[in-house]
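In: I'll drop the sequence and a predicted model, then ask my questions.
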Amino acid sequence: MTGTARQATTGGNMEEPRVAIIGGGAAGLSAAVAAARLGAAVTLLEADARVGKKILVTGNGRCNLTNSSVSPSAYNHPEFVEQVLAGHSCDAIRSFFGGMGLLTYADEEGRVYPVCNAAASVLEVLRLECGHLGVDTRCGFEVTGIAEAPDSAGFEVLSRDGGKLRADAVVVTTGGGESLLTATGHGSVECVPVLCPLKTELEPIRGLSGVRVKCAASILSGDGEPVATERGELLFREYGVSGIMVFDLSRFLERGSTLCVDFFPDMSAPDMRALLSGRCTDLSWRTAQTFFDGMLHSRVAQAVLRAARIDSKTPVAELPCEPLAVILKDFRLTITGTGDAAQAQVTRGGASVGDFDPHTMGSRLMPGLYAAGEALDIDGRCGGYNLHWAWASGIVAGQSAARLAETCATGDYE
Ligand SMILES: Cc1cc2nc3c(=O)[nH]c(=O)nc-3n(C[C@H](O)[C@H](O)[C@H](O)COP(=O)(O)OP(=O)(O)OC[C@H]3O[C@@H](n4cnc5c(N)ncnc54)[C@H](O)[C@@H]3O)c2cc1C
């Protein structure tokens, strides 16, 4: 396809294949670039006054755009994601951006950032490329409906203020939350915030707000089975717990889940019992209040004693080592909910992946309609995985839409 004028199927005008992309976030911008590179006339419709606003706040303003360990297992529907990642590895995404002039580096944990450490540079290269490729970007265009065109050739995209746009193919990249895809008959999975802090019962964490501990933590299901375990730094907050490891665990939350914190993940339970028993002998002159000094943050020590119902004045010689060892390896917190939706990086839920073909990102229900990014029920770990999904699925959807639109424009569409 060259992008030169063509015979449109919808009338006698000579037209290019037209692709409308709804939502100018990460997925929409990459879809726009990919479709325009294949010669489609791309219109990018964004409800907000500017495209890519969310990109600017990613990675604490640095934009962690992908991860060198990206793999299907980092996502909730690995078998679906696998098809998209097969052609779009971390290197492929880095070279997609490299082709737009963005230099990137990977840190020791594989997280990829722009070398200038500025999320604005990621958005800027996308905007420049869209401009260079002739993408028609319309901000303030909030799409309220997608309908098949009356003459059955392509779609009509309708805006809140009565605007209407014809397109041969449409890509929906409107992000998480209520979606145009549901309105067009696609199945949906309830949206809940993930990659967010967790609220817990407050009494066990009294006095701990602001304390950071290196530990392991697990989400336990209602029947006490571990569902997911992470290691890293946990930050106690006045309402519960936060930190990257907690964000990752939040993806596995179910009704009735409990959090189990292991303050000494490198030590087995018997070793912990032996350690405490040795301390009881060696430090028998201390009281419970100072027993953990040199071993635990003092405020965590207080919380552990409280959980074991041990008075801080108890002489060490009288300390029950067994329950203390259990609590240090299994400090339980009932989870009462997720942090505010505003604190969540990603929304789980959205359009059901079963209604889309992962090879093209095309709808199985509405030929000519594609979706990408968070609009679909896909979420991944912290560390660049969600943006990777947005770019990769956006590229696949944009390319597929451009190819489909070309068949419409040349009259080959069946
Ligand atoms: C604070 C924060 C930090 C994050 N940091 C990272 C990170 O470092 N690495 C990482 O991988 N992920 C990160 N994420 C997650 C990542 O930003 C998202 O996964 C990604 O932006 C999703 O891209 P998207 O294009 O699917 O959706 P969005 O970025 O949400 O874009 C959707 C766009 O569609 C527009 N829109 C919605 N409805 C309509 C409509 N009806 N008509 C027209 N336009 C519409 C919206 O205005 C928006 O511009 C972070 C998220 C947050 C909130």
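Out: Alright, I've got the coordinates. Quick caveat, the model's predicted, so the values are computed rather than measured.
In: please count neighbours and contacts with C-alpha atoms only from this point.
Out: Fine.
In: show me where the stretch 301-414 of the chain has its helices.
Out: Secondary structure of the stretch 301-414 of the chain (DSSP state H, counting those that start in this stretch): helices at 321-329, 385-409.
In: let me have these in JSON lines, adding distance to the ligand and mean pLDDT as columns.
Out: JSON lines is the format used below for those (distance: least, C-alpha to the nearest ligand atom, whole Å; pLDDT from 0 to 100):
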{"stretch": "helix 321-329", "distance to the ligand": "31", "mean pLDDT": "95"}
{"stretch": "helix 385-409", "distance to the ligand": "4", "mean pLDDT": "94"}
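In: among those, which is the most enclosed?
Out: Most buried of the helices of the stretch 301-414 of the chain, by mean neighbour count (mean count of other C-alpha atoms under 10 Å): helix 385-409, with a mean of 28.
In: would you check that His186 makes contact with Gly354?
Out: No: judged on C-alpha atoms under 8 Å, His186 makes no contact with Gly354 at a distance of 9.2 Å.
In: in terms of neighbours, single out the busier of these two.
Out: Of the pair His186 and Gly354, His186 is the one with more neighbours under other C-alpha atoms under 10 Å, namely 20 against 14.
In: doesn't the more buried one lie inside a helix?
Out: No: in this structure, His186 is coil, not part of a helix, as judged by DSSP: H, G, I helix; E, B strand; the rest coil.
In: what pLDDT does it get?
Out: In this model, His186 is scored at 94, pLDDT.
In: burial of Arg299, as a residue count?
Out: Burial of Arg299 is recorded as 15 neighbouring residues (other C-alpha under 10 Å).
In: please report phi then psi for Arg364.
Out: Per-residue torsions, Arg364: phi -80, psi -10 (degrees, to the nearest 10).
In: swap in Gly99?
Out: Main-chain torsions, Gly99, degrees, to the nearest 10: phi -60, psi -20.
In: distance of it relative to Leu404?
Out: Using C-alpha to C-alpha, to the nearest Å, Gly99 is found at 25 Å from Leu404.
In: just Gly154 next, same as before
Out: Distance, Gly154 to Leu404, using C-alpha to C-alpha: 10 Å.
In: give me the common contacts of the two.
Out: Residues touching both Gly154 and Leu404 (C-alpha atoms under 8 Å, 6 or more residues apart in numbering): 168-169, 368.
In: which ones among those residues map onto strands?
Out: Ala169 (DSSP state E).
In: out of the shared contacts of Gly154 and Leu404, flag the one nearest to Asp48.
Out: Nearest to Asp48 among these, counting by C-alpha to C-alpha, is Ala169 at 22.0 Å.
In: ok, that closest one touching Leu404?
Out: Yes: between Ala169 and Leu404 a contact is recorded at 6.8 Å, counting by C-alpha under 8 Å.
In: overlap in contacts of these two?
Out: Residues touching both Ala169 and Leu404 (C-alpha under 8 Å, 6+ apart) are Gly368.
In: all strands of the stretch 51-200 of the chain, in order?
Out: In the stretch 51-200 of the chain, the segments counted as strands under DSSP state E, counting those that start in this stretch are 66-67, 104-106, 111-114, 136-139, 143-148, 155-159, 164-167, 169-172, 188-194, 198-200.
In: out of these, nearest to Ala49?
Out: Ranking these by proximity to Ala49 (C-alpha to C-alpha) places strand 136-139 first, at 5.2 Å.
In: that closest one - contacts with which helices or strands?
Out: strand 41-46 (3 or more C-alpha pairs under 8 Å, 6 or more residues apart in numbering; DSSP states H and E).
In: partner strands of the strand it packs on and their direction?
Out: If you go by DSSP bridges, strand 41-46 pairs up with strand 18-22 (parallel), strand 136-139 (parallel).
In: does the ligand sit close to the longest one?
Out: So that's strand 18-22. Yes: using C-alpha under 6 Å from any ligand atom, strand 18-22 reaches the ligand at Ile22.
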